[in-house]
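Asker: What follows is a predicted structure for the sequence shown.
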Amino acid sequence: MIKALVLAIVLSALVMGCSEREKPAGKPAAAKPLGDAVGGKAIAERDCKVCHGLDGRGVAPGIPHLAAQRERYLYLALTEYLEVRRTHAALRDLVKRLSESDLRNVIAYYASQPPVAAASERDARQTSLLEKGKALAAACVKCHGEEGNSRTPGIPTLAGQQPHYLLTAVQEYHRGERRTAPMEKILRDVSRRDLESLALYFASRTPAQRPAPSRGDPKAGEPQTAMCGGCHGPNGVSRDAATPSLAAQDSQYLVKSIRAYRTSRQHWGMQRFVAGLSDKDIDNISAFYSMQQSRPADSVPSSARELAAKCDRCHDAEDNPKMVTPILRGQDKDYLVMALRAYRDDKRESTTMHRMSIVYSNAVIDDIASYYAGQPRDKR
């Protein structure tokens, strides 16, 4: 997910659905209401308030606020239930029962309601991914060094490492699939979302250049890395978030890890490759990779505002009433999280949204949702 978890993170996210039918234009005059708001109130009272409230505020986490939302977006969303492009069973049944006039009236009613107040700081905390990851990394410094640059032989460098690989590695230690006693206890009770922030933090750090190792011949090891490059990238700099970079890694750690595929570590391709290597070959390959220059695998945006700037290109800061994309400011955080995850996982139809969100980790999604939930809806 990320470049995978990602954070090469250019959150172009259009959180609830950037319509491909219409693009934003300049700021227009106010659009004429689609229906009769007075007539729509009775329909809201009868059919909608149990979930969305009579004032358009979702009555529970995960239920979107409808108050002051764009009419054209609400109309598009409801017709998508009719077309089975959205799958909420109760809403599909409800929309089928409403006439076209009723549909337009209830939309006009909710669009005319005052905006819901932004979530409190308690409900929408806004701590940057970098800050979250850096705080968690304090538990790792003693062994892995400042910013993940290990200076202890046999201890791996984490700086610049691929984020999804780091996340997977931590989970393998917790499951006992890797045998290092301290690692089995560290961060055991940390949530997956926070582990993603930690992985993104280390991925964004710059790996330090290493001196020549005390064992192995880098020159002899270079031609033996031809097969390795297919997965681990040129000179050991991985381009895949799930495959570790080997460049600038501690050579003793590499030797130990490669040899482990002979005994305890499970990976079909690595086991077959290592079976043909002598101990001297492994020393030479490790020496070669330890001396290669690496680079950060990913970058972490400095703030959720930076992430959201891309979203506003379609979800806009001007509240263009003719747009068919939803307003995100002041929306329920849990709903935003659910919506973006659904687009990312291809469970909600929008090729544009799926393509843009497929690389976002849960940590990134949570960050952008918190930001928008805490933004005031002071204009329409």
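Answerer: Received, thanks.
Asker: So which other helices or strands are in contact with the helix or strand containing I368?
Answerer: Assigned by DSSP states H and E, I368 falls within helix 362-373. Contacts defined by 3 or more Cβ pairs under 8 Å, 6 or more residues apart in numbering; DSSP states H and E place helix 362-373 against helix 129-137, helix 192-203, helix 304-315, helix 333-344. For glycine as for every other residue, the C-beta is placed from the backbone atoms N, C-alpha and C.
Asker: most packed of these?
Answerer: Of all these, helix 192-203 has the most neighbours on average by mean count of other Cβ atoms under 10 Å, namely a mean of 26.
Asker: what stretches of the stretch 51-200 of the chain score poorly on pLDDT?
Answerer: Across the stretch 51-200 of the chain, the ranges flagged by pLDDT under 70 are 119-128, 176, 179-181, 184.
Asker: follow-up on the earlier one: as a markdown table, the helices and strands packed on helix 362-373 with distance to G216 would be great.
Answerer: Output for those, formatted as a markdown table (distance: least, Cβ to Cβ, whole Å):
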| stretch | distance to G216 |
| --- | --- |
| helix 129-137 | 30 |
| helix 192-203 | 26 |
| helix 304-315 | 43 |
| helix 333-344 | 42 |
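Asker: Mind checking the ones you listed for the one nearest to T325?
Answerer: helix 304-315 (5.0 Å; Cβ to Cβ).
Asker: Now the closest one: average pLDDT?
Answerer: Averaging pLDDT along helix 304-315 yields 77.
Asker: care to break the chain down by domain?
Answerer: 37-123+304-373, 129-290 (automatic domain parsing).
Asker: How far does the last one sit from its chain's centre?
Answerer: It stands for domain 129-290. 22 Å (Cα atoms, centre = their mean, to the nearest Å).
Asker: swap in the shortest one?
Answerer: Averaging C-alpha positions (Cα atoms, centre = their mean) puts domain 37-123+304-373 20 Å from its chain's average.
Asker: Out of the domains of the chain, flag the one nearest D298.
Answerer: Closest among these, using Cβ to Cβ: domain 129-290, at 4.0 Å.
Asker: before we move on, the earlier item: could I get the average pLDDT for the helix holding I368?
Answerer: 84.
Asker: Just the angle for that helix relative to helix 129-137, thanks.
Answerer: Calculated by axes from the mean of the first three to the mean of the last three Cα atoms, to 10 degrees, helix 362-373 forms an angle of 130 degrees with helix 129-137.
Asker: Between the helices and strands packed on helix 362-373, which one is closest to D281.
Answerer: Between these, helix 192-203 lies closest to D281; by Cβ to Cβ that is 29.3 Å.
Asker: who are the neighbours of that closest one, in terms of helices and strands?
Answerer: helix 129-137, helix 163-174, helix 362-373.
Asker: just to revisit the earlier point, looking at the helices and strands packed on helix 362-373, spot the one closest to Q162.
Answerer: helix 192-203 (6.5 Å).
Asker: residue boundaries of the helices in the stretch 101-250 of the chain?
Answerer: Applying DSSP state H, counting those that start in this stretch to the stretch 101-250 of the chain gives helices spanning 129-137, 141-144, 163-174, 181-185, 192-203, 218-221, 229-232.
Asker: Counting neighbours, what do you get for T206?
Answerer: 14 (other Cβ atoms under 10 Å).
Asker: is it true that N362 touches R193?
Answerer: Yes - N362 is within contact range of R193, at 5.0 Å (criterion: Cβ atoms under 8 Å).
Asker: what residues are shared contacts of these two?
Answerer: Residues touching both N362 and R193 (Cβ atoms under 8 Å, 6 or more residues apart in numbering): none.
Asker: mind putting the helices of the stretch 101-250 of the chain in a markdown table, distance to A118 included?
Answerer: Conversion of those to a markdown table gives the following (distance: least, Cβ to Cβ, whole Å):
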| stretch | distance to A118 |
| --- | --- |
| helix 129-137 | 21 |
| helix 141-144 | 37 |
| helix 163-174 | 31 |
| helix 181-185 | 40 |
| helix 192-203 | 22 |
| helix 218-221 | 57 |
| helix 229-232 | 46 |
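Asker: which one of these lies closest to L76?
Answerer: Of all those, helix 192-203 comes closest under Cβ to Cβ, at 30.9 Å.
Asker: and the angle for that closest one with helix 163-174?
Answerer: Using the same axes, to 10 degrees: helix 192-203 against helix 163-174 is 120 degrees.
Asker: got the contact list for helix 192-203?
Answerer: Applying Cβ under 8 Å, 6+ apart, the set of residues contacting helix 192-203 is 2, 5-7, 9, 129-130, 132-134, 136-137, 140, 147-148, 158-164, 166-167, 170-171, 187, 190, 296-298, 300, 361-364, 366.
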